[in-house]
Each structure stands twice: as structure tokens, then as C-alpha cells.
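Participant: build me a model from this:
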Amino acid sequence: MSASSVNRRRILSLWLPRLPIDRIQRFFNSSGLGKTNNEPSIVVIKDNNALVIHALDEAAERLGLYVGQPLANARAMCPDLRVFDADVAADAKTLSDIADWCDRFTPLVALDPPHGLFLDITGCAHLFGGEAALLQALVRALGRQGFAVSAAIAGTSVCARTLTRQTTGTIVADGGEAEAISRFPVSALGAGEAITTGLRRAGLKTIGDVAARSPSEITARFGARFSTLLAHALGQGDAPINPRKPLPDYIVEKRFAEPIATDTMIAMTLSRLADTLIASMEKQGKGARRLEAAFFRTDGVVRAIMVETGRPVTRSAVIDRLFRERLDALADPLDPGFGFDMVRLSASRTEIVVQEQRDLDAHVHDNDELAALIDRIAARIGGKRVVVHLPEDTHIPECAVLAAPAQHHLAAAMQAEWPARTESEPPLRPLRLFDKPEPIKVPFAAVPDGPPHQFTWRRALHAVVRVEGPERIAMEWWRQDGKQLTRDYFRIEDAEGLRFWIFRDGLYEGEVFDGDGEPASPGWYVHGLFA
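Facilitator: Numbers count the residues shown, from 1 in each chain. The predicted model follows:
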């Protein structure tokens, strides 16, 4: 066998022609309603202000109904039709769930809207007993879940897709694409109604008829896009598929002849997979930063759980502990149903491990313990909720501090340099800064730059006894487009000893005007509280 044939891609195409009606019937079956009297059922969708058939079951198809037929005509042929409205979003969600389930066969799964999938099975078919066994297993499993499926395998995605629209179960050998699809009508290529009609008018009724003409002639008449589509269908090159998920750096998995359902077996499986994963990464000197555990249920449901780490993980015990924390903290517990028949552990992000001197440097040990603590807390409550604060180069108070995920910015937070406080001077910024300044009522103030004599905040009146300021802060006009006003900040102490940080938003007779263009009184706000 030549090297080119060994490396040739193999694409499995799935088509679910009755996905909308199958989804509805599955819902009725799961809710115990079922289908009564074998009534023909259709799904309708609005097209050009008219309801047409979007999908139909076998009973409706036997009556001569077809996709695209107006609902009025269908009712005239069969008054007892069960009619359902199309739900494109629910259909897309169902197709996405099926794609998740197909990850058990290959991590390279791409959507082929509206009702199809592509699976790149290059180099992995032997794990399932060959291409024929893989195809049969996939079709049978989806059939048990209640879906009508057409599947085919070929060297190109376009050829495999063309086959699924005309037949099912076909496996085309490498180089046999042109012969396999030559007898099919030109409509099977899915090139569009205009091109299909043009081909038929030219006397080209089958794909073989079109392939017999010179490529330059086809390109001149129907365009380069159709010419490329035809070439791919004939096995002459192929466009790459677009997988839904990026391929992880490392993958390990465990399949079970008898499904597992207990927490103990799930934990043991994850622990063993972690050992295998760490051993694989250790050979290349790498550690994991993002890990995902996927649990495949026997009924087709897939549940994925992800954890992230602040530093590359090189020990399986750490992975095991993080996933235990994550599983224990799930708001929606991991439901095994009738059991999991496969568990997969993958490292979607890895980094080269940098060796450090750890015996003599106590700071390294402290940093490791802090990073491990952050990882455990993040696994339990979510990485976005564990943050560190970093200084920003701006004088705008609410923008001077950036809250960033601690797992990714711990080192930067440790090295950050904050403005030093002047000795024997009161703090310039309050201990508590509000996310959003709160408005206050100021009956009168010394103008044009003076502080208020009293103000009302949260329905409480505060008499001002001491004032420091103003500190004028102009907004960044190059970023704010002139929409923000100049602020004058004051440090205020009231008669009760409470200290506030308030500001006047805008300058008198300079920035604030009423609807008639006359100067208006600026607004006052409290932005923080001192200790």
C-alpha cells in the first residue's frame, strides 16, 4: 500500500432526514404520550408567507407527501395529518447533542447543517473493527435512539455527503468516488436549484454526464464554485471539514462492556485515566493547564466537566483531587442514567514544565501551595470567581484596578507595583470603592469649586463638618468621546464621624447645560467610604 493511500482521509457522513419529526416523537415517547393510531405526522415551516412541509415521517411519505409541499395541499390529500410547528433552535440543539455523542468515535466531528454531520475517521476505524463495523454500530445506535439515519464513508466529505442523500451504508474505496456517484442525479450534489435546472436543460441529468464534460466548459457555464464542488465529489481533492471542537493535545479513554453508574467506579476510572494521561505528557516534558472529563451515557447523553489550573499539572493526584472537588460542587449532579459506557479524559491545553530549584527556596513552596489552593477553590466555585487585583495605568478611580482570574494572573499580581502611601498623610482613596457611584442630594454648595454643606444619601441627612479637596480628575477624552464630565472629588467627614469620598460631576457654567442651552447644576455622587 502506498504512503499516499495510507494518509488519505476517510470521511463518514451522517444525514438525519427526519430529524425534526424524530425529535418530536422522541419527546412524546419520553413523556409517555406516544403516537396514537399511527397517524401520519409532519412538521411545517413558514416559507414565503406560506406553510410548507419541513419534515415528515414514514406514514406521511407513503401517502405521497414530500418536503416543500404546501400544507394546504397536504391536508387535501390527508385530512387526518398531525401537524407540528418547526423549531429550528431545538433541531440544532438535538443535532449538537448527537455530535457530542459521536465524539466517542472520533474527536473530529463537524456539523453539516441543517441535519447532517461529518466524522473524520482517518486512522481510527480499526479501533471499532473496521469501517463497516463502525458504520453499522453508529447507525444501529442512533436507530435505537429513535432517529432515521443515512450514512456513507468516502475519501472526501462531498462524495460521502452525496451518497447519504441517495443511499445508505455505502463505503467507497480510495479512488472509487467518481464511479460510486456517477449514476446519481445532479440534484444529489446540492448545488442549488438554479444550477441543477441549468444542468438538466443542457441534457446533463446525472453526475456522470457532468463529469464527462471538460472542466473548463463546466466552469465557463456554471462557475468555478460548482466546478470545485464537482471535483471534490469525484475525489479530486477536498475541502477540509470544520470540527466543532479543537483537537486536544492528549486524550485517554476507557470503554466498558458493562456500563458503570456508581460514584466509586467513576472516581476510580478518572484516577486511572489521570495516571495514563500524566505518563503520556511526562514523556514530552509537559503539564496540563486545562482538563476535560467527558462521560458518555448508554442513552446517548454526554456530560462534560472542565477544570483549569494556574500552573502545569504533572501529578495525577492533583488531577484526581480537582475533579473530585468539581464533581462535589456540581449544582446539577452527574446523572449516570443507565450507566456510562465510556469515560474520556483529555488535556486541551498543555505547557512545557520548567524545572525550578525547590529544596532551598521557601518562596517556591509557598507559591505552589497558594496556586494549588486557588485551583481547588476555582474547581469548586468557578475560576471567574477567584480573582486578583492588578493596577492599571489610569487616573480614573473605577478603572485604576483590574480584577483578573487568579489562576492566570497570580504571578503578575505578586509582582505588581502599587502606588506607595505617603507617610503621616491620610489615604487618598477610600477603603471601599463603589462599583457604581451613588447619587446624593445637595441642596446648596459653595460655587464654583466648593464642597456641599450637607447632603442626603440613602434617605439620611449628613451635615458636613470637615472637608479636604477638591481633587480634580478630568476624564480620558480620547477614550470617552467627550461624554464624561470633569469631576471634583472631596473627602468629607460628617457630624457622626463618617468619612465619604464624594464628587461633583461637571463644572459650573462650563460642562452642564439644560435643554435650552443655559448653565445647569451638576450632579453630586458618593463614590466610596473611608475606614
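Participant: and the next element down the chain from the lowest-mean-pLDDT helix or strand in the chain?
Facilitator: Least confident helix or strand of the chain, by mean pLDDT, DSSP states H and E, is helix 3-6 with a mean of 42. Sequence order places strand 11-15 as the next helix or strand after helix 3-6, per DSSP states H and E.
Participant: what's in contact with that next one?
Facilitator: For strand 11-15, contacts defined as Cβ atoms under 8 Å, 6 or more residues apart in numbering pick out 98, 102, 112, 115-121, 131, 134-135, 138, 142, 149-157, 160-161, 163-165, 238, 241. C-beta coordinates here come from the backbone N, C-alpha and C atoms, glycine included.
Participant: pull up the pairing partners for that strand, direction included.
Facilitator: strand 116-120 (antiparallel), strand 150-154 (antiparallel) (DSSP bridges).
Participant: what's next to the helix or strand hosting Leu270, contact-wise?
Facilitator: Per DSSP H and E, Leu270 falls inside helix 263-282. Residues outside helix 263-282 that contact it (Cβ under 8 Å, 6+ apart): 250, 252-254, 260, 287-288, 293, 295, 313-316, 319-320, 323-324, 327, 334, 336, 340, 343-345, 347, 350.
Participant: now the contacts of strand 11-15: which count as buried?
Facilitator: With neighbours counted using 16 or more other Cβ atoms under 10 Å, the contacts of strand 11-15 contain these buried positions: 98, 102, 112, 115-121, 131, 134-135, 138, 142, 149-157, 160-161, 163-165, 238, 241.
Participant: ok, which of the strands paired with strand 11-15 comes nearest Gly497?
Facilitator: strand 116-120 (68.9 Å; Cβ to Cβ).
Participant: mind showing which ranges of the stretch 301-450 of the chain have poor pLDDT?
Facilitator: Flagging of the stretch 301-450 of the chain using pLDDT under 70 yields the residue ranges 355-366, 447-448.
Participant: helices of that one, residue ranges please.
Facilitator: Assigned by DSSP state H, counting those that start in this stretch, the helices in the stretch 301-450 of the chain fall at 316-328, 362-381, 406-415.
Participant: with the stretch 151-300 of the chain instead?
Facilitator: Under DSSP H, counting those that start in this stretch, the stretch 151-300 of the chain gives helices at 157-164, 177-181, 193-201, 207-211, 215-222, 224-233, 263-282.
Participant: out of those, deepest packed?
Facilitator: helix 157-164 (a mean of 26; mean count of other Cβ atoms under 10 Å).
Participant: distance check, the nearest residue to Pro419 once chain neighbours are set aside against Pro430.
Facilitator: Nearest residue to Pro419, sequence neighbours excluded (Cβ to Cβ, 6 or more residues apart in numbering): Pro391, at 7.6 Å. Using Cβ to Cβ, to the nearest Å, Pro391 is found at 17 Å from Pro430.
Participant: so between those two, which is more surrounded?
Facilitator: Neighbours per residue, other Cβ atoms under 10 Å: of Pro391 and Pro430, the larger number sits with Pro430, 18 against 13.
Participant: OK, contacts around the more buried one?
Facilitator: Arg499, Phe500, Trp501, His527, Gly528, Leu529, Phe530.
Participant: and it, how far from Phe490?
Facilitator: Taking Cβ to Cβ, one finds Pro430 at 12 Å from Phe490.
Participant: then Thr197?
Facilitator: Counting by Cβ to Cβ - Thr197 and Phe490 are separated by 77 Å.
Participant: re the thing from before, now do the shared contacts for Pro430 and Phe490.
Facilitator: Common neighbours of Pro430 and Phe490 (Cβ under 8 Å, 6+ apart) are Trp501.
Participant: shaky segments in this protein?
Facilitator: 1-7, 32-37, 355-366, 447-448, 479-483, 509-510, 513-517, 519.
Participant: go again using 50 as the cut-off
Facilitator: Scanning the chain for pLDDT under 50 picks out the ranges 1-6, 36.
Participant: helix or strand for the closest residue to Ile21 other than its chain neighbours, just tell me which one.
Facilitator: In this structure, Ile21 finds its nearest non-sequential neighbour in Ala55, 4.6 Å apart by Cβ to Cβ, 6+ apart. For Ala55, the element it lies in under DSSP H and E is strand 50-56.
Participant: next one: that strand to chain centre, how far?
Facilitator: Centre-to-centre, strand 50-56 and its host chain are 31 Å apart (Cα atoms, centre = their mean, to the nearest Å).
Participant: touching the helix or strand that that strand is followed by from outside, list them.
Facilitator: Going down the chain from strand 50-56, the next helix or strand is helix 58-62, by DSSP H and E. For helix 58-62, the surrounding residues in contact (Cβ under 8 Å, 6+ apart) are Asn38, Glu39, Pro40, Ser41, Ile42, Ala74, Cys78, Leu81, Ala148.
Participant: list the buried residues in helix 58-62.
Facilitator: Ala59, Ala60.
Participant: can I get it as CSV, trimmed to CA atoms?
Facilitator: C-alpha atoms of helix 58-62 as CSV (Å, rounded to 0.1, in the frame of the first residue of the first chain):
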residue,chain,number,x,y,z
GLU,A,58,-42.7,7.3,7.0
ALA,A,59,-46.5,7.2,7.2
ALA,A,60,-46.8,10.6,5.6
GLU,A,61,-44.2,9.7,3.0
ARG,A,62,-46.1,6.6,2.0
